[in-house]
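I'll drop the sequence and a predicted model, then ask my questions.
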Amino acid sequence: MISDKSLTIAVDFDGTIVENAYPGIGETKIFAFETLKRLENEGHRLILWTYRHGKRLQAAVDFCKENGLEFYAVNMSYPEEEFDPQLSRKINADIFIDDRNVGGFLGWGEIYHELTNVKPEIPKTSKKKKGIFSFFK
Ligand SMILES: [Mg+2]
């Protein structure tokens, strides 16, 4: 779908890159960083687009950095953007990846496939816990 065009992709953090454990940081969702780094290597711009701010935002940015991911911009359309209350707060992105999508979160394997037309090899995890709510995941 996007291989020949560089896109700006806005990515949510809680519930999208990691399991939602706000204000803490949940476990990384399977294949999240692999997918995001691959998209970045293919020339796409990644923006972290999250409700977090202040030190909780910094914790998320640091967590991603520790996992080898640095964003083009954080909660803004481009790195030098200054907040102007006269302008819309909606950032300028071609694609938004968010767990609050209509229809729910696709999963990173599906997102990668959707964006690159390549089906990724996703390592199977054996330690997945089966809980009473696992049906809903
Ligand atoms: Mg979320």
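Cool, the structure landed.

check contacts around the nearest residue to Glu19 once chain neighbours are set aside.
Using Cβ to Cβ, 6 or more residues apart in numbering and skipping the chain neighbours, the partner closest in space to Glu19 is Gly26 (3.2 Å). (Glycine included, C-beta is placed from N, CA and C.) By Cβ atoms under 8 Å, 6 or more residues apart in numbering, Gly26 lies in contact with 14-15, 18-20.

how close does the nearest residue to Val74 once chain neighbours are set aside sit to the ion?
In this structure, Val74 finds its nearest non-sequential neighbour in Leu48, 4.7 Å apart by Cβ to Cβ, 6+ apart. To the ion, Leu48 is 12 Å away according to Cβ to the ion, to the nearest Å.

likewise Arg52?
Here the distance between Arg52 and the ion works out to 10 Å (Cβ to the ion).

Check His113 too.
With Cβ to the ion as the criterion, His113 and the ion are 21 Å apart.
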